[in-house]
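A.B. asks: Next one to model:
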Amino acid sequence: MIDKLEYLIMLSHERHFGRAAEKLGITQPTLSAGIRHLEERLGVTLVNRGSRYKGMTSEGERVLAWARKITDDVRTMREEVRSVRRGLTGHLRIGAVPTALSLVARLTTPFRERHPDVTFDVASMSSVDLLSAVEDFEVDVGLTYLEDDRVRRVDYKALYEERYSLVTTVGSPLSEREEVTWDEASRVPLCLLSPTMQNRQILNRHLGEKDRHFETVMESNSMLAILSQVRMAGLATIMPHHATVMLGLAPPMVSIPLVEPTVSYPIGLVTARRDLRPPIVAAFWNEATIRSDEAV
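C.D. replies: Numbering: from 1, shown residues only. Here you go, the predicted structure:
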């Protein structure tokens, strides 16, 4: 029964029978038969079918929610039994918003030193996608902005405050300054994260204050792509200060604090609300900390 629930979860994620079967390591007929067997056991139609996958039925959506919880509970049970016998082992799935991605290593490195049999899967995600993945048990823990009403639906704890710097190249406008105001930053061509990203919405708020106009010449969901463009074209971007430190920006790149106002936003760890957390998630949650000097 559990394997059939996992079939349903993967089909919902991939939205395609062939891709879902491939990810599960089974044939497409085996997947289809498994879904039909689950429907027969429950006495309802779970999947809208035609010549291709057309989504879940209303009953399928309800079963899917239970399937995610049940399979997570089974995983928790297995990890609990295994940890008693062998100590903490397993695979931790971590999601992080792009601006916090560089600090994930601050959490995973000391954790793996204490628990060497743990491995990690780290994905860059928008805050919206991250919270959905956490609630659906597709991601174990996430690193994201806490000033978001959706965060109140999950467990969360603050880790550090995100502050901002203008990043540009030597010889470009403002590159010799010790500080730059948001008003001054709004007057230079910028490369910024995509508009759907929460970081971009924060930057829009401060760059566009008092109806100021600002120009973006490139948008991307990748900080690496943005930095490459800034370096090659002598443009500018705005990044969290901690990211500039972790990435070790070297000449010709320079990082200049943004002021007037000096703003900060809390970044923290989030995880799904459970009666009992998997041992690996509980340990990571309890041990995760970032010292103030590591985030500046």
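A.B. asks: how about the helices of the stretch 151-296 of the chain, start to end?
C.D. replies: 182-185, 198-207, 223-233, 241-246, 279-287 (DSSP state H, counting those that start in this stretch).
A.B. asks: residues making contact with the fourth one?
C.D. replies: Spelled out, it's helix 241-246. Helix 241-246 is contacted from outside by 99, 101-103, 105, 160, 162-165, 167, 223, 255, 257, 294-296, using Cβ atoms under 8 Å, 6 or more residues apart in numbering. Glycine gets a C-beta too; all of them are placed from N, C-alpha and C.
A.B. asks: try it again with 10 Å
C.D. replies: Contacts with helix 241-246, where a contact means Cβ atoms under 10 Å, 6 or more residues apart in numbering, come from 98-106, 160-167, 223, 227, 240, 249, 253-258, 264, 267, 290, 294-296.
A.B. asks: With the shortest one instead?
C.D. replies: Outside helix 182-185, the residues that touch it by Cβ under 10 Å, 6+ apart are 164-166, 168, 173-174, 177, 203, 205-210, 212, 214, 236-238, 256, 258-263.
A.B. asks: Going through those residues, which ones are buried?
C.D. replies: Listed as buried from these are 164-166, 168, 174, 203, 206-207, 214, 236-238, 256, 258, 263; burial here means 16 or more other Cβ atoms under 10 Å.
A.B. asks: farthest-separated two in those?
C.D. replies: Based on Cβ to Cβ, the longest span within the buried ones among the contacts of helix 182-185 runs between Thr168 and Val263 and measures 19.1 Å.
A.B. asks: Low-confidence stretches in this structure?
C.D. replies: Residues of the chain meeting the criterion pLDDT under 70: 51, 83-85, 291-296.
A.B. asks: starting at the chain centroid, how far to the longest helix anywhere in it?
C.D. replies: Using DSSP state H, we find that the single longest helix of the chain is helix 58-86. Centroid separation for helix 58-86 versus its chain: 21 Å, with Cα atoms, centre = their mean, to the nearest Å.
A.B. asks: Hey, what's the angle from it to helix 279-287? Just curious.
C.D. replies: Counting by axes from the mean of the first three to the mean of the last three Cα atoms, to 10 degrees, helix 58-86 lies at 80 degrees to helix 279-287.
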